[in-house]
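Q: Could you look at this predicted model? Sequence included:
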Amino acid sequence: MSELPVTRAVSTVVIDLDAMDRNLEQMKRKARTNQVLAVVKANAYGHGAIEVARWLEGKVAGFAVATVDEGVQLRNGGVQSPILVFGPPCRSNRGAYTEYRLMATVSHLDHFEQLPAGTSYHINLDTGMRRLGICPEELATLKEQIARFSELQCAGIYSHYATADEPESVRVFEQYEQFKSVRSKLALKVPFHMSNTAAVMHYDSIDHFDMIRVGIGLAGFTPGRTQHEALEPVMCWKTTVAQVRPVQKREPVSYGGTWKAPQDGYLLTLPVGYADGLPRSLSNKLRVTVNGVSFPSVGNITMDYTMLYSESEGVQAGDEVHLMGGTGWRANRIAEQSGSITHEILCRLGSRIQRKYRAEGRQKNES
């Protein structure tokens, strides 16, 4: 059987690893700590988990992922640093914790029984997120379980802020005080950590304990509406114009004919659509740049294509387009215009997009 021909990706995200380093250093300085758990779940928020982890290895204390499979992927990719799995353990994946040296999360008292001897774990305390975690009212039983399952190694205790993306949220201070109280009651000599990117960037007055957990901040964004210019977006999503065609005044464009040309002009068809992660809700709202000039998206965004409108000639097939980042809209503006959040916009970038990594003296492609 002959091999399939290699074709060029229709769009590319270019990730500036030097900018990611600068973001990491900014958050370390802000939190006044060198102990960082880099969160690389969901393919490092669309940036490529293995490549990002390889780049950051040695600069952070370890990595955090959502699932055992994500942790195994990092190990198979050559990552040697500690890896914490946020998701609950179960009997079907229990062996992977020891085989791949993954740290488990105990977020329920029953989880101690799910883990094989020799497993390291962090305890997740629920101080107000109401998602996962052991409640402070269960501390007495928790202490008993820690002592009972002495063949397991407690390596950390953490909680998670629910409203840290809102500066000066009263609930943040309530959770902070509760976690501080639990810390004194448990009196375990392990790292305690609670602050995410939002807490690091928005809350200077609180203690960030022994370690911070940052994910979206590495990508250059702060959760919520308040963005900190100290962080640099590291990603630029690019494509090229696939076709240029004339459009006549009042001619409808795309499914449903939701947009009609205001006058004779030209349609610039881009080979990118909602299957690649461009929200359909941005139809007739998005603006992107072609050769540095801004053009509006017109008509409904389709699965594989997006149309732009130009009043005049000048753009040609093959011209470069910045869909997100670079001279185009930033991910947080795309999120705002589509009624979403920056995390979702970055995480939904599809597998058809080629990833390229840029750093001083180095460039690498990942398809």
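A: Right, received. Where do you want to start? Residues are numbered from 1 along each chain as shown.
Q: ok, now how distant is the residue lying closest to residue 117 once chain neighbours are set aside from residue 25?
A: In this structure, residue 117 finds its nearest non-sequential neighbour in residue 151, 4.0 Å apart by Cβ to Cβ, 6 or more residues apart in numbering. Glycine gets a C-beta too; all of them are placed from N, C-alpha and C. Distance of residue 151 to residue 25, given as Cβ to Cβ, to the nearest Å: 39 Å.
Q: Between the two, which is the more surrounded one?
A: residue 25 (13 against 10; other Cβ atoms under 10 Å).
Q: so the more buried one sits in a strand?
A: No. Assessed with DSSP: H, G, I helix; E, B strand; the rest coil, residue 25 is helix; it does not lie in a strand.
Q: got a list of what it touches?
A: Counting by Cβ atoms under 8 Å, 6 or more residues apart in numbering, residue 25 touches no other residue.
Q: next one: residue 79
A: Neighbours of residue 79 in contact, by Cβ under 8 Å, 6+ apart: 50, 53-54, 57, 63.
Q: Give me the contact list for stretch 56-74.
A: Everything outside stretch 56-74 that qualifies as a contact, by Cβ under 8 Å, 6+ apart, is 20-21, 24, 35-42, 49-50, 53, 79-87, 89, 93, 96-97, 100, 102-103, 211, 213, 215, 218.
Q: Those residues in helices, which ones?
A: Secondary structure from DSSP state H places 20-21, 24, 41-42, 49-50, 53, 96-97 of the contacts of stretch 56-74 in helices.
Q: Between those residues, identify the one with the most neighbours.
A: residue 20 (26 neighbours).
Q: So it versus residue 171, what's the distance?
A: 30 Å.
Q: before we move on, what about residue 85?
A: 27 Å.
Q: Over to residue 153?
A: Distance from residue 153 to residue 171, by Cβ to Cβ: 33 Å.
Q: cool, and residue 79?
A: 35 Å.
Q: Now do the strands for the stretch 1-150 of the chain: every range, in order, please.
A: Under the criterion DSSP state E, counting those that start in this stretch, the stretch 1-150 of the chain contains strands at 11-16, 36-39, 62-65, 83-85, 102-106, 120-124.
Q: Now do the last one and strand 102-106, the angle between them.
A: Using axes from the mean of the first three to the mean of the last three Cα atoms, to 10 degrees, the inter-axis angle of strand 120-124 relative to strand 102-106 is 30 degrees.
Q: packing partners for strand 120-124?
A: strand 102-106, strand 153-158 (3 or more Cβ pairs under 8 Å, 6 or more residues apart in numbering; DSSP states H and E).
Q: Out of those, which gets nearest to residue 252?
A: strand 102-106 (52.2 Å; Cβ to Cβ).
Q: residue nearest the centroid of this structure?
A: residue 45 (2.4 Å; Cα atoms, centre = their mean).
Q: What residues does it make contact with?
A: 215-216, 218-219, 343, 346-347.
Q: what do you get if the cut-off is 7 Å, keeping everything else the same?
A: By Cβ atoms under 7 Å, 6 or more residues apart in numbering, the contact set of residue 45 is 215-216, 219, 343, 346-347.
Q: Could you report the distance from it to residue 347?
A: Residue 45 sits 6 Å away from residue 347 when distances are taken as Cβ to Cβ.
Q: Also residue 118?
A: 33 Å.
Q: One more: residue 332?
A: Shown here: residue 332 relative to residue 347, a distance of 14 Å by Cβ to Cβ.
Q: Tell me, how many residues neighbour residue 145?
A: With other Cβ under 10 Å as criterion, residue 145 counts 18.
Q: got a pLDDT number for residue 360?
A: On pLDDT, residue 360 comes in at 87.
Q: how near is it to residue 110?
A: Separation of residue 360 from residue 110 (Cβ to Cβ) stands at 49 Å.
Q: try residue 293
A: For residue 293 relative to residue 110 (Cβ to Cβ), the value is 59 Å.
Q: nearest spatial neighbour of residue 155, skipping sequence neighbours?
A: residue 120 (4.4 Å).
Q: so who does the one you found touch?
A: 103, 153, 155.
Q: make it 10 Å
A: 82, 84, 97-98, 101-104, 152-156 (Cβ atoms under 10 Å, 6 or more residues apart in numbering).
Q: cool, residue 52 as well?
A: Counting by Cβ under 10 Å, 6+ apart, residue 52 has contacts 15, 17, 20, 38, 40, 43-45, 63, 74, 79, 218-219, 234, 355, 357.
Q: what's the neighbour count on residue 140?
A: Using other Cβ under 10 Å: residue 140 sits among 8 other residues.
Q: Surely it and residue 185 touch.
A: Yes. The pair residue 140 / residue 185 is scored as a contact, 9.5 Å apart, by Cβ atoms under 10 Å.
Q: Just the buried subset of the contacts of residue 45, please.
A: 215-216, 219, 343, 346-347 (16 or more other Cβ atoms under 10 Å).
Q: Counting neighbours, what do you get for the spatially closest residue to residue 265 that is not a sequence neighbour?
A: When the adjacent residues along the chain are set aside, residue 265 lies closest to residue 311, with 4.8 Å between them (Cβ to Cβ, 6+ apart). Neighbour count for residue 311, taken as other Cβ under 10 Å: 12.
Q: all helices in the protein, in order from the N-terminus.
A: 17-31, 41-46, 49-56, 68-76, 94-99, 139-148, 170-186, 197-202, 331-338, 342-347.
Q: Kind regards, and thank you for your time.
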